[in-house]
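In: with the sequence up front, the predicted model follows.
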Amino acid sequence: MGHEPTLLERVRGALRAEHYSPRTEEAYVGWIVRFVHFAGLRHPKDLGAHEVEGFLTHLAVEGRVAAATQNQALAALLFLYGKVLAVKLPWLQDLVRAPQRPRLPVVLSKTEVAAVLAELRGAPRLIAGLLYGSGLRLLECLHLRVKDVDFDRHAITVRSGKGDRDRQTLLPAPLRTALLRQRDEVDRQHRRDVLRGAGWVEMPHALADKLPNAGRQWAWQWFFPATRTYLHDTTGQRRRHHFHETSVQKAVHHAVLRARVAKRASCHTFRHSFATHLLQDGTDLRTIQKLLGHADVRTTMIYTHVLDRGPYGLRSPLESIDLGMSPEGAGGVGVPTGADAAVRGEELDRAAEEGEGGSDW
């Protein structure tokens, strides 16, 4: 007699059938488990809209979660009832919504980007360079395969990005040599792995069944592989995972501290800086939207609020008044104007260009 799948096994199966990402799968399963515990360990089929409403309201009121967190929990429960239990929940009339608070992204200047990158070494340095130079999300970068980096066309292809969409972005010219060295090192490592009976990588979706030998081929290897291999229990294959995201996150965090950057910067800050600096350099919003993979241009428009020309691209009226102040005046506190400001601006631009386009990779 066959094994009757548990509720969570059914949930995982439905998520995989819909091609949800592993991270979304773990998040949804986590919310469903929390919901079941909140409802006194009763089976969700015995619960309904009232209990769902109570759980989500509890998250907003007692848990004080952000609106995006509450929306994720709601999406998980709607998936549970709609796709797994085939129960249509009525509209949740009395749900207390977590407040929507718009947040502006943290953006580094070009000088700050150069300072942080200078504090990084090894794979995290190259990965951070791609986050800024190509506008990739961290996991999009770590999920790159050898075949996704096209040196002839100067393009990087992101497969199954956010929303399960493919897109292309640019390959930064200053990183070309370092990326070629990285590819050669991956090639040598893969050859050694194959000789030792390893050399396998995880394949997306059902490609492992359609192309049973592709997981050991050179083109499918991770562009940024992990340092160790592991034994995959189901297949018995000796595999290599991609470089772990926490290693990059920790390296970037410590680099920001060492660079003395007074901003709460993270790996994702490089992507925000990529978009903002393109906008400052005159790139149109639609092009930036495509490079970032945003479904709606309104998402991309957030970067118009964090340009280096002040909020909404405005200049303070104080700048049109000659106060006669110099950096040495008023006890060393002043506003450089005229030629002094121009010279200082050129120095900053030159430092930023040298830091961004240097070959020290």
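Out: Thanks, I have the structure now.
In: quick one: mean pLDDT over the longest strand anywhere in the chain.
Out: Longest among the strand segments of the chain by residue count, using DSSP state E, is strand 225-231. Strand 225-231 shows a mean pLDDT of 95.
In: could you work out the end-to-end span of stretch 79-97 for me?
Out: Here the two ends of stretch 79-97 are set 19 Å apart, with distance taken as C-alpha to C-alpha, to the nearest Å.
In: show me what it is in contact with.
Out: In this structure, residues lying in contact with stretch 79-97 by C-beta atoms under 8 Å, 6 or more residues apart in numbering are 7, 10-11, 14-15, 18, 28, 32, 35, 44-45, 48-49, 52-53, 56-57, 60-61, 67, 70, 77-78. The C-beta positions use only the backbone N, C-alpha and C, and glycine is treated the same way.
In: and those, which are buried?
Out: Restricting the contacts of stretch 79-97 to buried positions leaves 7, 11, 14-15, 28, 32, 35, 44, 49, 52-53, 56-57, 60, 70, 77, with burial counted as 16 or more other C-beta atoms under 10 Å.
In: and which of these is nearest residue 170?
Out: Nearest to residue 170 out of the buried ones among the contacts of stretch 79-97 is residue 15 (C-beta to C-beta; 32.8 Å).
In: could you pull up phi and psi at the closest one?
Out: phi -60, psi -40 (degrees, to the nearest 10).
In: the closest residue to it other than its chain neighbours sits in which helix or strand?
Out: Once its chain neighbours are removed from consideration, residue 15 has its nearest residue in residue 25; the separation is 4.7 Å (C-beta to C-beta, 6 or more residues apart in numbering). When secondary structure is defined by DSSP states H and E, residue 25 falls within helix 22-38.
In: and that helix, how far from the chain's centre?
Out: In terms of C-alpha atoms, centre = their mean, to the nearest Å, the centre of helix 22-38 is found 21 Å from the chain centre.
In: gap between whichever helix or strand comes after it and the chain center?
Out: Past helix 22-38, further along toward the C-terminus, the next helix or strand under DSSP H and E is helix 49-61. The gap between where helix 49-61 is centred and where its chain is centred comes out at 29 Å by C-alpha atoms, centre = their mean.
In: residue contacts, residue 303?
Out: 105, 107, 272, 275, 276, 279, 288.
In: where along the stretch 101-250 of the chain do the strands fall?
Out: For the stretch 101-250 of the chain, the strands defined by DSSP state E, counting those that start in this stretch cover 149-150, 155-158, 167-170, 225-231, 238-242.
In: using a markdown table, please lay out these together with distance to residue 134.
Out: Putting these into a markdown table (distance: least, C-beta to C-beta, whole Å) gives the following:
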| stretch | distance to residue 134 |
| --- | --- |
| strand 149-150 | 10 |
| strand 155-158 | 6 |
| strand 167-170 | 5 |
| strand 225-231 | 19 |
| strand 238-242 | 17 |
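In: want to throw those strands into CSV with mean neighbour count?
Out: Output for the strands of the stretch 101-250 of the chain, formatted as CSV (neighbours: other C-beta atoms under 10 Å):
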stretch, mean neighbour count
strand 149-150, 16
strand 155-158, 19
strand 167-170, 17
strand 225-231, 14
strand 238-242, 18
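In: between those, which gets nearest to residue 316?
Out: strand 167-170 (34.3 Å).
In: which residues does the closest one contact?
Out: 133-136, 154-158, 161, 290-291, 293.
In: from these, pick the one nearest residue 219.
Out: residue 157 (12.3 Å).
In: what's the pLDDT at the closest one?
Out: 96.
In: chain neighbours aside, what residue packs nearest to it?
Out: Leaving aside its sequence neighbours, residue 157 sits nearest to residue 148 (C-beta to C-beta, 6+ apart; 4.6 Å).
In: for the one you found, give me its contacts.
Out: If you count contacts by C-beta under 8 Å, 6+ apart, then residue 148 has 156, 157, 158, 159, 223 around it.
In: I figured the second one hits residue 150, correct?
Out: Yes. Under the criterion of C-beta atoms under 8 Å, residue 157 is in contact with residue 150, at a separation of 7.0 Å.
In: please, which helix or strand holds residue 75?
Out: Residue 75 belongs to helix 67-79 when elements are defined using DSSP H and E.
In: what about the nearest residue to residue 139 once chain neighbours are set aside, how many residues nearby?
Out: When the adjacent residues along the chain are set aside, residue 139 lies closest to residue 245, with 6.3 Å between them (C-beta to C-beta, 6+ apart). For residue 245, the neighbour count with other C-beta atoms under 10 Å is 14.
In: show the contacting residues for residue 245.
Out: Residue 245 makes contact with 138, 139, 142, 267, according to C-beta under 8 Å, 6+ apart.
In: tell me which of those residues is nearest to residue 233?
Out: Using C-beta to C-beta, residue 142 is the member of the contacts of residue 245 that lies nearest residue 233, at 22.5 Å.
In: skipping its backbone neighbours, what lies nearest that closest one in space?
Out: Nearest non-adjacent residue to residue 142 (C-beta to C-beta, 6+ apart): residue 242, at 4.7 Å.
In: residue 164 now?
Out: Among residues not flanking residue 164 along the chain, residue 19 sits closest, at 6.0 Å (C-beta to C-beta, 6+ apart).
In: cool, and residue 59?
Out: Counting by C-beta to C-beta, 6+ apart, the nearest residue to residue 59 once its immediate chain neighbours are dropped is residue 65, at 4.8 Å.
In: related to what we said a few turns ago, contact partners of the helix holding residue 25?
Out: If you take C-beta under 8 Å, 6+ apart as the criterion, helix 22-38 is touched by 7-8, 11-12, 15-16, 20, 42-44, 51-52, 54-55, 58, 72-73, 75-77, 79-80, 139.
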